[in-house]
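# pasting the sequence and the predicted model now:
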Amino acid sequence: MDFRDRLRDEIENSGLFDKEVADRAGITKRAIDSYVGARGCMPSADVAVRLARVLGCSVEYLVTGRDTRQRHLDTKTRRLVLLFDRLSSEDQDTVLHLIERMVK
């Protein structure tokens, strides 16, 4: 697995469309396409940082596949955190309450 594959996986796991990721990272959809397409271009460091922030992972993970900070989080958990973070504060409280009730 290389940068292109990890970026594609993280975009899919985020629940966002490529265009949404591009907009949030301040780049064009065409740039995203060049990173995840057959050529698999590497972005500049500052773009890689912005992509990682949008996707809730580290640049280290995108580039190397390793990340000591998030190694313990599986794909579902990272996706849950990303989606949870996109909710309003009120909706986050509702989800937390629901999860707490389900666990009991």
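In hand now; what should we look at?
# what's the average pLDDT for the helix ranked longest in the chain?
For the chain, the helix that runs over the most residues, judged by DSSP state H, is helix 89-103. What helix 89-103 shows for mean pLDDT is 92.
# can I get it as CSV, trimmed to CA atoms?
C-alpha atoms of helix 89-103 as CSV (Å, rounded to 0.1, in the frame of the first residue of the first chain):
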residue,chain,number,x,y,z
SER,A,89,-22.4,20.1,19.9
GLU,A,90,-26.1,19.3,20.6
ASP,A,91,-26.0,16.3,18.3
GLN,A,92,-22.8,15.1,19.8
ASP,A,93,-24.4,15.1,23.2
THR,A,94,-27.4,13.2,21.8
VAL,A,95,-25.1,10.6,20.3
LEU,A,96,-23.1,10.2,23.5
HIS,A,97,-26.2,9.8,25.5
LEU,A,98,-27.5,7.1,23.0
ILE,A,99,-24.2,5.2,23.2
GLU,A,100,-24.1,5.3,26.9
ARG,A,101,-27.7,3.9,27.1
MET,A,102,-26.8,1.2,24.6
VAL,A,103,-23.7,0.1,26.6
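# who's in contact with it?
84, 87 (C-beta atoms under 8 Å, 6 or more residues apart in numbering). Placement of C-beta: from N, CA and C, glycine included.
# and if you look at stretch 26-46?
With C-beta under 8 Å, 6+ apart as the criterion, stretch 26-46 contacts 2-4, 7-8, 11, 18-19, 21-22, 47-48, 50-51, 59.
# buried residues in the helix or strand harbouring Lys76?
Element membership of Lys76, judged by DSSP states H and E, is helix 75-85. Neighbour counts over helix 75-85 (16 or more other C-beta atoms under 10 Å) mark 78-79, 82 as buried.
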